[in-house]
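In: Everything below, folded, please.
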Amino acid sequence: MSDSASPASLPNAPPLDPAEDLVVGESQWSIIVREFRKRKLAVVSLWCILLVALLAVFAPLIANDRPLAYRGTNRFEYSEALRAIRVMLQQEAEPVADSANAEQTVASSADRRAVIVNRFAFMRSVAAADSSDRLAQIESEALTLLDGPASVERSEALLRLRSRAGEELTPDKVVLRSGWRFPAIAGLEPHTIAMMLFLLLVMSAGLWRGWLQRRFGRGHPLVNRVWLSMLIGLPLFAAFAWWLVVPGHLDRTRYKEGSLASAVNAETGNVPVIYESVYWPLVPFALDEPNLLNTFAAPVGFTRDNVADATGPGQGSAAEAADATTSPPAIVAKPENGLPRRAKHWLGTDDIGRDLLTRMIWGGRVSLAVGIVAVSIYVVIGIIIGAVAGYFRGWTDMLISRVIEIVICFPSFFLILTIVAFVGPGMFNIMVVIGLTSWTGVARLVRAEFLRLSEQEFVQAGRALGYSPPRLIFRHVLPNAMAPVLVSATFGVASAILTESALSFLGIGITVPTPSWGGILADGRQVMNVAPWMIVIPGMAIFLTITWYNLVGEAFRDAADPRLRGAR
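Out: This is a model prediction of the structure:
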C-alpha cells in the first residue's frame, strides 16, 4: 500500500464537484458567463433590467402625443411655411433706415432669400401637380423681385405679391398631396438611434455570436473582434447616417387636434392635420400634457371607497374615477377626429392631469442614463488611477493610496450634496458629480488586482520581451483584472440611481420639466392622502430596479470568484 495520499484525500483539499464540467481551453469569460446562467434569479433580473432599458430607450415611440405613422395631409406645416414666406417678403419690402447698416442688410436679404427658396420647395413637395405649378410661378416672381435693385416700386411689388400669396396659396385654395408621414420617428435624435440599435444588438447577442461562431469556428479570435466591431460600429454609423439624412426641425403640429378625412366639413376645415389612417403610440400622451379636468385620476384597477371624494371639483368626476378601474379597451381611432378612443391613464395622473405612466417611462430614461454615465465616468477614473498605483508601486502607489484614503474619509452622499449645492442642479451636473466622487472603490479594486497579477509569469515574460508599460497595463494585465471592476460597476449603477433619486427627492437633483423617479416621488409626498399611487409607483420602480441590479451584481461576483462558484 502506498504511503502517498491522493489529492482528493488531502485534509485541506477542496472537495471535487462532479457537476463542474469545465471545458479544457475554455476562457475565463466563458466560464463566468456559464456560471452566471446557472443562477436563474439573476438571469431573470438581468432581463428585467433590459426590459426597463428597452422602455427607457424607446420612450419616444412608446409614450408620445405624436402619431407613429399616418397617411394624410399636414395643413399646419404648409400654413407655417406660407407664413414664413409672407414674413420674409414683408421684411424685404421695408426700406433701409440708413446706409450704415447696408452690409448687414445685404446679408439679411441673402438669408431671407434662402428661407423663401426653402419654404417654397417644401410647399411644392406637398402640393398636387396643378397647385405646384402655381407655387412655382409665384416663387419665380418673388425671386425676380428679390434679385432686383431696391426701390419704391420693388417694395410695392413685394407687398402686392405678399397679399397675393396670402389669398391664393392658403391650404383651402391649394390641393395638398396625401402621403405617409412618421412624426414620432422623425423626431428622434441621433444618439437615441444609436442607443436603440446598441440595445437591440445586446439583447440579440446570442444570435449574432452563434452565427459568427458557425461562420468562423468556435473559439476563433475573429468572433470577438467582429462582434465588438458590430456592437460599437453599427450604432455609431446609424447615428451618423441619421444625422445626415434626417434634418432636425421643431415640429409644433398639434396632431391631437387633427381629424379623419371622412369627418372634415365646412366647420372643421381648419384642422391642422387631416388623417386618412393614423397609428398612435401605446401611451398617446405627451410628457408635459396637462389636463386640468382630469387631475388625480386613479390608475387602472385601483379601487378604494374614497376615490370620488379625493377628486373633488375640477379633478374628474366620480364616474370617471369609477371608469378608470375598468380594463382599458384597445386604442382605436374615433370616426370624429382619429384620436385614440378613451385612451386610459394606466398609472393615473398627477396634480395637473399629466399621465403618470408617460412620466415614469421618460423618468426611467433619465434615471438609467444618470446611473450608466456616472458609473462609466468613475470606472474610467478608477481604472486609470488604480492601474498606475498597482503597476508602478513604490512612492507612486504610496501617494495615490494616501489620496484615496483622504477621499474615502468624506461621506460620499454629503460630499455630493455639497458639490451640487455649489454647481447647481441638473442632469449633466449630477452625472459628473457622482462620477468624480465615487471612483475610490474601483481604484482600490484595480490596484489590488494589479498587485496580484504583476508577478504572474505572463507579465514577467512581457517585461522580458521589452513591452512598454502602457501595453502591459492595457493589453495584458487590465483584461484579466476587469471581473471585479464590472461587479463593482453593476452595484454602482444601482447606487447612482439611488443617489440621483435621493437628490431629486430633496429638490436639488434633476430639475423641472425633466422627470425622474425621485422627482415624481417628491411630487407625490405632497398629495399622499389624495393620490397615494404617486408615492407607491415611483418608489416600487426605484426599489425593484436597485434590487435587480444587486442580484445581477451578486451573481456576477459569485461567477467570477472560483471560491463562490458552488453557491446557488
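
In: Just give the nearest non-adjacent residue to Pro171, would you?
Out: Counting by C-beta to C-beta, 6 or more residues apart in numbering, Pro171 lies nearest to Arg75, which is 4.3 Å off, once chain neighbours are set aside. From N, CA and C alone the C-beta is placed, and that goes for glycine too.

In: Count the residues that sit near that neighbour.
Out: Arg75: 22 surrounding residues under other C-beta atoms under 10 Å.

In: Also Glu94?
Out: Count around Glu94 with other C-beta under 10 Å applied: 11.

In: Ala560 - nearest residue in space that isn't next to it in sequence?
Out: Leaving aside its sequence neighbours, Ala560 sits nearest to Ala483 (C-beta to C-beta, 6+ apart; 3.9 Å).

In: The one you found reaches Ile32, doesn't it?
Out: Yes: contact criterion C-beta atoms under 8 Å: Ala483 and Ile32 qualify, at 6.6 Å.

In: Now the common contact residues for these two.
Out: Taking C-beta atoms under 8 Å, 6 or more residues apart in numbering as the contact rule, Ala483 and Ile32 both touch Ala560.

In: before we move on, the earlier item: the residue nearest to Ala560: which element?
Out: helix 482-506 (DSSP states H and E).

In: and that helix, what's its mean pLDDT?
Out: For helix 482-506, mean pLDDT rounds to 84.

In: Any buried residues in that helix, and which?
Out: 482-485, 487-505 (16 or more other C-beta atoms under 10 Å).

In: Quick check: what element follows that helix along the chain?
Out: Once the chain leaves helix 482-506, the next helix or strand it forms, by DSSP H and E, is helix 517-525.

In: starting at the chain centroid, how far to that following helix?
Out: On the basis of C-alpha atoms, centre = their mean, to the nearest Å, helix 517-525 sits 20 Å off its chain's mean C-alpha point.

In: try stretch 359-367
Out: That offset, for stretch 359-367, works out to 9 Å (C-alpha atoms, centre = their mean).

In: Other residues contacting it?
Out: For stretch 359-367, contacts defined as C-beta under 8 Å, 6+ apart pick out 52, 55-57, 59, 62-63, 283, 287, 347, 350, 427, 497, 500-501, 510, 514-520, 537-538, 541-542, 545.

In: cool, stretch 138-146 as well?
Out: Residues contacting stretch 138-146 (C-beta under 8 Å, 6+ apart): 85, 89, 92, 109, 112-113, 116-117, 120, 124, 154, 157-158, 161, 164-165, 168-169.

In: Quick one: buried ones out of those?
Out: 85, 89, 92, 109, 112-113, 116, 120, 124, 157-158, 161, 165, 169.

In: would CSV of these with pLDDT and secondary structure be doable?
Out: CSV is the format used below for the buried ones among the contacts of stretch 138-146 (pLDDT from 0 to 100; DSSP: H, G, I helix; E, B strand; the rest coil):
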residue, pLDDT, secondary structure
Ile85, 91, helix
Leu89, 89, helix
Glu92, 85, helix
Ser109, 79, helix
Arg112, 85, helix
Arg113, 86, helix
Ile116, 89, helix
Phe120, 90, helix
Arg124, 89, helix
Ala157, 89, helix
Leu158, 89, helix
Leu161, 90, helix
Ala165, 88, helix
Leu169, 89, coil
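
In: which among the residues you listed gets closest to Ile232?
Out: For the buried ones among the contacts of stretch 138-146, the minimum distance to Ile232 (C-beta to C-beta) is 41.3 Å, reached by Arg124.

In: for that closest one, what are its contacts?
Out: Taking C-beta under 8 Å, 6+ apart as the definition, contacts of Arg124 comprise Ser132, Leu135, Ala136, Glu139.

In: Most neighbours of all those, which one?
Out: Leu135 (21 neighbours).

In: Quick check, that residue in contact with Phe120.
Out: Yes: with contacts counted by C-beta under 8 Å, Leu135 reaches Phe120, the gap being 6.2 Å.

In: Report the central residue of the chain.
Out: Val57 (4.3 Å; C-alpha atoms, centre = their mean).

In: who touches that one in this structure?
Out: Thr192, Met195, Met196, Leu199, Arg365.

In: Could you point out the helix or strand that follows the helix or strand where Leu399 lies?
Out: Using DSSP H and E, Leu399 sits in helix 394-409. Counting by DSSP H and E, the next helix or strand C-terminal to helix 394-409 is helix 412-423.

In: Can you list the low-confidence ranges for the stretch 401-550 of the chain?
Out: Applying pLDDT under 70 to the stretch 401-550 of the chain flags no residue at all.

In: let's see it at 80
Out: 412, 421, 423-427, 455, 479-480, 483, 507-514 (pLDDT under 80).

In: Can you show me the strands along the chain?
Out: In the chain, the strands defined using DSSP state E lie at 69-74, 179-181, 259-260, 273-279.

In: Worst mean pLDDT among these?
Out: The minimum mean pLDDT among the strands of the chain belongs to strand 259-260 (a mean of 85).

In: list the helices and strands that strand packs on?
Out: In this structure, strand 259-260 makes packing contacts with strand 273-279, judged by 3 or more C-beta pairs under 8 Å, 6 or more residues apart in numbering; DSSP states H and E.

In: Sheet partners, orientation included, of the strand it packs on?
Out: Next to strand 273-279 in the sheet, as set by DSSP bridges, lie strand 69-74 (antiparallel), strand 259-260 (parallel).

In: just so I know, which of the ones you listed lies nearest Leu293?
Out: Closest among those, once you apply C-beta to C-beta, is strand 259-260, at 21.2 Å.

In: what distance separates the closest one from the centre of its chain?
Out: Distance, centroid of strand 259-260 to centroid of chain: 32 Å (C-alpha atoms, centre = their mean).

In: same thing with stretch 136-146?
Out: In terms of C-alpha atoms, centre = their mean, the centre of stretch 136-146 is found 44 Å from the chain centre.

In: Rounded mean pLDDT for it, please.
Out: Rounded mean pLDDT across stretch 136-146 is 88.

In: Next up, the contacts around Tyr78.
Out: By C-beta under 8 Å, 6+ apart, the residues touching Tyr78 are Met123, Val126, Ala127, Pro171, Val174, Leu176.

In: hang on, the earlier thing: out of the contacts of Val57, the closest to Trp533 would be?
Out: Nearest to Trp533 among these, with distances taken as C-beta to C-beta, is Arg365, at 20.5 Å.

In: buried set for stretch 248-260?
Out: For stretch 248-260, using 16+ other C-beta under 10 Å, the buried residues are Thr253, Tyr255, Lys256, Gly258, Ser259, Leu260.

In: now, among those residues, which is nearest to Asn529?
Out: Among the buried residues of stretch 248-260, and counting by C-beta to C-beta, the member closest to Asn529 is Lys256, at 32.3 Å.

In: gap between the closest one and Arg164?
Out: According to C-beta to C-beta, to the nearest Å, Lys256 stands 33 Å off from Arg164.

In: try Ser259
Out: For Ser259, the distance to Arg164 - C-beta to C-beta - is 29 Å.

In: Could you tell me how far Ala121 is located from Leu145?
Out: In terms of C-beta to C-beta, Ala121 sits 18 Å off from Leu145.

In: So for those two, which sits in the more crowded spot?
Out: Ranked by neighbour count (other C-beta under 10 Å), Ala121 and Leu145 place Leu145 first, with 18 against 12.

In: which residues does the residue nearest to Ile419 when sequence neighbours are not counted contact?
Out: Distance criterion C-beta to C-beta, 6+ apart; nearest residue to Ile419, sequence neighbours excluded, is Val433 at 4.9 Å. By C-beta under 8 Å, 6+ apart, the contact list for Val433 reads Ile416, Ile419, Val420, Val423.

In: From these, list just the buried residues.
Out: For these, buried by 16+ other C-beta under 10 Å: Ile416, Val420.
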